[in-house]
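Peer 1: Got a sequence here, can you model it:
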Amino acid sequence: MREHAMRHLALACLCLAAAACGGDFSNDDLEFLNALPQREDLAVKLSAASEGRSGGGLTTRKDGLVVRLGEASRVSGDTDKTGREFNGAVDGLLSLLENIRNSSPTSREPDRRVWGPFKDKDHPRFDVRFVMERRELRFDYRLEYRRTGEGDDAWWALLMGWFQADAGIRKGVGALSLDVKRATEETFPVGGLFTLDRLDIDYQTKALPTRVEMAFTPRGSLTEPTRYMYREAAGRLGEMRFTLPDIDLVVGGRLEDVALTTRWAPDGRGMGVLEVLDGDIKGAKYTECWNALGRVTFLARSWDFFNPTEGDRGSCADFSALDE
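Peer 2: This next block holds a predicted model:
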């Protein structure tokens, strides 16, 4: 479900197509626009080394954690794959805001800016507008739609967000949400997001480590939301936390649900800690380190009493800056 939703997110994030691009911006306009998140605020910064790596992750291998020193890290493979999917969702959601940022407001009030309303060229039955409001250092914004010909009370929000400024441009805390359920109720096309009720992103950029959390709530809320968290510390040290369901880690009658925390340095070295939430070895813990080439240099299996560790623990990079 997560890959399908991430891949098609951009289909639901539609631009204000009729808006005139460019134009003049006052300093006050820029204060509003700087409250909108940009890609560098939310995207996962994978190491440059991850681009050239190959080899399947845990989700694509049938032999689970049967891994040897010097082999390509499967934990690293899942980190790189999930990081790219995370960024795909971020790009899809923020592609809309880029159109707002490049267009002059249609109307201005002291603490309010509005872009639109305009005809949505891709959905001729709908009008669209973008509204931002300011209350001291907090900004709230909404991407709103209504059927053409309806009145002001007919506007409903597809995307909602807020930002509380702290120190400097784009430094603070914020959130944005995509209300897929409401769009479906309004018969607004949602493309590949039909499996979701909503997508939520929460973030803080005011202090290191910065943090971005993403949650996909499935349609009907029949299961718990799928959650991802990314943090970044000084020196561009990165961390991701996410869950992997139904992984065949060990020989047995049940599959494992696992929580995975991975950390990496800009040079490509990394560490993964995997905790088994359910399955044949519930409660077990696995730790793995890899070098700049993505090759395993150290591993530890809590359930292996005869050979619990292999390799050199000293080869693991220092990620203490992420322990806060």
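Peer 1: Let me know the secondary structure of Pro124.
Peer 2: coil (DSSP: H, G, I helix; E, B strand; the rest coil).
Peer 1: for stretch 130-148, which positions count as buried?
Peer 2: Along stretch 130-148, these residues count as buried under the neighbour rule (16 or more other C-beta atoms under 10 Å): 130-134, 139, 141-146. No exception for glycine: its C-beta is placed from N, CA and C like everyone else's.
Peer 1: May I see those residues organised as TSV, with distance to Thr297 and secondary structure added?
Peer 2: As requested, the buried residues of stretch 130-148 are exported to TSV (distance: C-beta to C-beta, whole Å; DSSP: H, G, I helix; E, B strand; the rest coil):
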residue	distance to Thr297	secondary structure
Phe130	50	strand
Val131	53	strand
Met132	49	strand
Glu133	52	strand
Arg134	51	strand
Phe139	46	strand
Tyr141	46	strand
Arg142	49	strand
Leu143	47	strand
Glu144	52	strand
Tyr145	52	strand
Arg146	58	strand
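Peer 1: Spatially, which residue comes closest to Gly161, not counting chain neighbours?
Peer 2: If the residues on either side of it in the chain are set aside, Gly161 comes closest to Leu176, at 3.4 Å by C-beta to C-beta, 6 or more residues apart in numbering.
Peer 1: Surely the one you found is in a helix?
Peer 2: No. Under three-state DSSP, Leu176 falls outside any helix and is assigned strand.
Peer 1: how near is it to Ala259?
Peer 2: Separation of Leu176 from Ala259 (C-beta to C-beta, to the nearest Å) stands at 25 Å.
Peer 1: Look at these two and report which has more neighbours.
Peer 2: More crowded of Leu176 and Ala259, by other C-beta atoms under 10 Å: Leu176, with 23 against 13.
Peer 1: Is the more buried one bridged to anything, and to what?
Peer 2: Leu176 forms beta bridges with Gly161, Ile201, as assigned by DSSP bridges.
Peer 1: That one: what's it in contact with?
Peer 2: 37, 93, 159-162, 200-201 (C-beta atoms under 8 Å, 6 or more residues apart in numbering).
Peer 1: Include neighbour count, pLDDT and distance to Val273 when you put those into TSV, please.
Peer 2: What follows is the contacts of Leu176, written out as TSV (neighbours: other C-beta atoms under 10 Å; pLDDT from 0 to 100; distance: C-beta to C-beta, whole Å):
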residue	neighbour count	pLDDT	distance to Val273
Pro37	23	92	29
Leu93	24	83	29
Leu159	21	94	35
Met160	17	96	35
Gly161	22	96	32
Trp162	18	97	33
Asp200	17	95	25
Ile201	21	96	24
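Peer 1: Among the residues you listed, which pair sits farthest apart?
Peer 2: Farthest pair in the contacts of Leu176 (C-beta to C-beta) is Leu93 and Trp162. Separation: 14.6 Å.
Peer 1: all strands for the stretch 151-300 of the chain, in order.
Peer 2: Taking DSSP state E, counting those that start in this stretch, the strands of the stretch 151-300 of the chain run over residues 156-165, 172-179, 196-204, 210-218, 226-233, 237-247, 256-264, 270-278, 285-290, 296-301.
Peer 1: Neighbours of Gln38, how many?
Peer 2: 15.
Peer 1: mind starting the numbering at 30 from now?
Peer 2: Done: numbering now begins at 30, and the last item shifts to Gln67.
Peer 1: ok, now how distant is it from Arg130?
Peer 2: For Gln67, the distance to Arg130 - C-beta to C-beta - is 8 Å.
Peer 1: Over to Arg240?
Peer 2: 23 Å.
Peer 1: for the chain, what's the longest helix?
Peer 2: For the chain, the longest helix by residue count, based on DSSP state H, is helix 103-130.
Peer 1: Pull out the buried positions in it.
Peer 2: 103-112, 114-123, 125-126, 128-129.
Peer 1: just how off-centre is that helix within its chain?
Peer 2: Put simply, helix 103-130 sits 6 Å off its chain's centre (C-alpha atoms, centre = their mean, to the nearest Å).
Peer 1: That one vs strand 255-262, what angle?
Peer 2: Taking axes from the mean of the first three to the mean of the last three C-alpha atoms, to 10 degrees, one finds helix 103-130 and strand 255-262 inclined to each other by 90 degrees.
Peer 1: between helix 103-130 and strand 185-194, how big is the angle?
Peer 2: Orientation note: helix 103-130 sits at an angle of 100 degrees relative to strand 185-194 (the same axes, to 10 degrees).
Peer 1: for whatever helix or strand comes next after helix 103-130, packing partners?
Peer 2: Per DSSP states H and E, helix 103-130 leads on to strand 136-138 as the next helix or strand towards the C-terminus. If contacts are counted by 3 or more C-beta pairs under 8 Å, 6 or more residues apart in numbering; DSSP states H and E, strand 136-138 sits against no helix or strand.
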